[in-house]
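S.K.: Need coordinates for the following:
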Amino acid sequence: MPAVFAEFHRVARPGGKLVFSMGHPMRDWQDERTHGAKTYFETNRWGMHWGGFGEPNPYVESYRRPLSDILNGLTGAGWTLDRFVEPLPVPEMEAVDPRHFAELSMAPAFICVRAYK
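M.R.: Next comes the predicted model:
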């Protein structure tokens with residue numbers, strides 16, 4: 001990720017913003033399918049079929065890495081962290097999907113980051 005953050009920083013204008021979201025590293029760590037035999041501190045590639053959005057259920061690959069690698073890679077590339085959010089579900093979700101609403105109310109599934117150049 002340092003190379004990606006560095007390239008974003010290179011092409012951004014002074015005062016530019018970088019906003020991104022990704023799976024929460026701790027949430028991914030709790031799912032045995034995402035880490036195999038690796039420790040929390042190691043980066044590993046994993047994949048799964050996404051569900052819950054209707055058909056098709058595409059196979060999506062991702063990398064699981066510790067939170068420190070993400071945030072230190074960001075600031076090490078010259079970005080200034082402005083906002084870090086672990087979002088809660090909106091109240092309307094409870095009526096649509098009570099099981100996932102309860103799950104996401106206990107622990108976040110994503111992180112959202114905003115940084116400035």
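
S.K.: can you pull out the helices in the chain?
M.R.: Assigned by DSSP state H, the helices in the chain fall at 2-11, 25-30, 32-35, 67-76, 93-96, 98-106.

S.K.: among the ones you listed, where is the model least confident on average?
M.R.: Lowest mean pLDDT within those: helix 32-35, a mean of 75.

S.K.: in that helix, what's buried?
M.R.: Buried residues in helix 32-35, counting neighbours by 16 or more other C-beta atoms under 10 Å, are found at 34-35. Any C-beta I mention is one placed from the backbone N, CA and C, and that applies to glycine too.

S.K.: Contacts made by it with the rest, please.
M.R.: Here helix 32-35 makes contact (C-beta atoms under 8 Å, 6 or more residues apart in numbering) with 28-29, 44, 46, 48, 62, 64.

S.K.: Buried only: go through those for me.
M.R.: For the contacts of helix 32-35, a burial check counting by 16+ other C-beta under 10 Å picks out 28-29, 46, 64.

S.K.: can you put the helices of the chain in JSON lines and add distance to residue 84?
M.R.: Below are the helices of the chain laid out as JSON lines (distance: least, C-beta to C-beta, whole Å):
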{"stretch": "helix 2-11", "distance to residue 84": "15"}
{"stretch": "helix 25-30", "distance to residue 84": "12"}
{"stretch": "helix 32-35", "distance to residue 84": "21"}
{"stretch": "helix 67-76", "distance to residue 84": "8"}
{"stretch": "helix 93-96", "distance to residue 84": "22"}
{"stretch": "helix 98-106", "distance to residue 84": "17"}
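
S.K.: Tell me which of those helices lies nearest to residue 57.
M.R.: Ranking the helices of the chain by proximity to residue 57 (C-beta to C-beta) places helix 32-35 first, at 14.6 Å.

S.K.: so how far is the closest one from its chain's centroid?
M.R.: Remark: helix 32-35 is offset 15 Å from the chain centroid, using C-alpha atoms, centre = their mean, to the nearest Å.
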